[in-house]
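Undergrad: sharing a model that was predicted from the sequence below.
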Amino acid sequence: MSDTDNTAQHDTEHFIADDGHCTKCRHDVAFEQLDRAIDACVRVSGCDGVAVDAVLIVGLQHVEDDGSRTGHVEVYPRSGAQPSYITRGLISEGTALLDAIYAKGLDDDQ
């Protein structure tokens, strides 16, 4: 189904935005691309396991008209949804890994 199909061709889960594009289709495509990127990262890292759970954490910043900046964090679980305990566990384990790297005196960007 094309991202530009009209409303009649979409079921009730789909919403056609003001620009005429289906937000559900965009969502599905974005998370399919994220899944492929996760699998590619695992392959190039040399890990011999299969990625079953993942979470992408993104820091966003917005600059106001007056030049002030505001920011927030978005969390994108693998495939767009997974149990919250898995997402929290991944974030917790990732934080512990980064803390251990920092405690060893390694550069922050490693």
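TA: Arrived safely.

Undergrad: how about the residue nearest to residue 56 when sequence neighbours are not counted, secondary structure?
TA: With C-beta to C-beta, 6 or more residues apart in numbering as the criterion, residue 56 has its nearest non-adjacent residue at 4.3 Å, and that residue is residue 76. Every C-beta, even on glycine, is put in place using the N, C-alpha and C of the backbone. Taking DSSP: H, G, I helix; E, B strand; the rest coil as the rule, one finds residue 76 in the strand state.

Undergrad: tell me the SS of residue 106?
TA: Going by three-state DSSP: residue 106 is coil.

Undergrad: now do the same for it: its pLDDT.
TA: At residue 106, the model reports a pLDDT of 78.

Undergrad: picking up where we left off before, ok, the residue nearest to residue 56 - contacts?
TA: 31, 34, 55, 56, 57, 58 (C-beta atoms under 8 Å, 6 or more residues apart in numbering).

Undergrad: for residue 69, same thing?
TA: 61, 62, 63.

Undergrad: buried residues in the strand or helix carrying residue 38, which are they?
TA: Taking DSSP states H and E as the criterion, residue 38 maps to helix 23-45. With burial defined by 16 or more other C-beta atoms under 10 Å, the residues of helix 23-45 counted as buried are 24, 25, 28, 31, 34, 38.

Undergrad: fine by me, thanks again.
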